[in-house]
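K.L.:
Need coordinates for the below:
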Amino acid sequence: MATARVSTDLDAVVAEVEIAAPPERVFKALSSPSELKAWFKGDESCPVKAWEFEARRGGKYKYETERSATLSVNGVNQFECHGEVLEFDPPRLLVYSWVANWHADKQRGTVVRWELTPSGAGTKVKVTHSGLAAEKVAREDYSRGWVGVLGKLKAFAEAK
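P.N.:
Below you'll find the predicted structure:
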């Protein structure tokens with residue numbers, strides 16, 4: 001089961017999970033556009049409209065949902081985020097900027113860092129979303145949201 005905590009300086013949400021799949025499998029799920037769209041999907045309250053991802057350093061990505069009738073963060077119910085891949089080191093590290101329309105400051109960039117470490121069970125996955133000190137509402141949402149994302153990643157990677 002995934003866990004999450006907020007850093008003491010309130011700048012980051014750190015979530016972790018063990019996945020019974022090799023790091024190469026997990027990394028592919030994190031960096032392949034078709035796989036991202038297959039597993040990083042919302043439920044009926046927040047369905048994915050598009051997932052684009054250029055799997056390389058300097059590559060761009062974009063995530064967009066359909067309008068949600070039930071989910072709202074900072075008054076937004078159709079979610080879009082985009083950014084650039086800052087580090088790409090398969091199957092160990094993936095880092096990208098994250099600019100989201102549901103943040104209080106819609107232009108403020110944050111950073112998502114995925115670290116994959118081989119473990120006895122397969123892969124220890126740690127995701128750190130930083131730059132959130134001034135994003136109280138979004139930070140609280142991410143402290144629950146990243147746990148859900150890791151749960152979906154785990155189910156998808158272990159099923160393949």
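K.L.:
burial of residue 131, as a residue count?
P.N.:
Neighbourhood size, residue 131 [other C-beta atoms under 10 Å]: 17. Heads up, the C-betas are built off the backbone N, CA and C, glycines and all.
K.L.:
ok, now residue 70?
P.N.:
Neighbours of residue 70 using other C-beta under 10 Å come to 9.
K.L.:
you'd agree it is in a helix?
P.N.:
No: going by DSSP: H, G, I helix; E, B strand; the rest coil, the assignment for residue 70 is coil, not a helix.
K.L.:
Who does the closest residue to residue 107 other than its chain neighbours form a beta bridge with?
P.N.:
Residue nearest to residue 107 in three dimensions, not counting chain neighbours: residue 99, with 6.9 Å by C-beta to C-beta, 6 or more residues apart in numbering. Bridge pairing for residue 99 (DSSP bridges) gives the partners residue 82.
K.L.:
pretty sure residue 99 contacts residue 111?
P.N.:
No: taking contacts as C-beta atoms under 8 Å, residue 99 lies outside contact range of residue 111: 10.4 Å.
K.L.:
residues contacting the residue nearest to residue 107?
P.N.:
81-83, 106-110 (C-beta atoms under 8 Å, 6 or more residues apart in numbering).
K.L.:
are any of the residues you listed buried, and which?
P.N.:
81-83, 110 (16 or more other C-beta atoms under 10 Å).
K.L.:
farthest pair in these?
P.N.:
The most widely separated members of the buried ones among the contacts of residue 99, counting by C-beta to C-beta, are 82 and 110 (11.9 Å).
K.L.:
how about the strands in the chain?
P.N.:
3-6, 12-19, 48-53, 60-65, 80-89, 93-100, 110-119, 122-130 (DSSP state E).
K.L.:
Among these, which comes closest to residue 74?
P.N.:
Among the strands of the chain, strand 93-100 comes nearest to residue 74, with 9.3 Å by C-beta to C-beta.
K.L.:
Sweet, I'm off.
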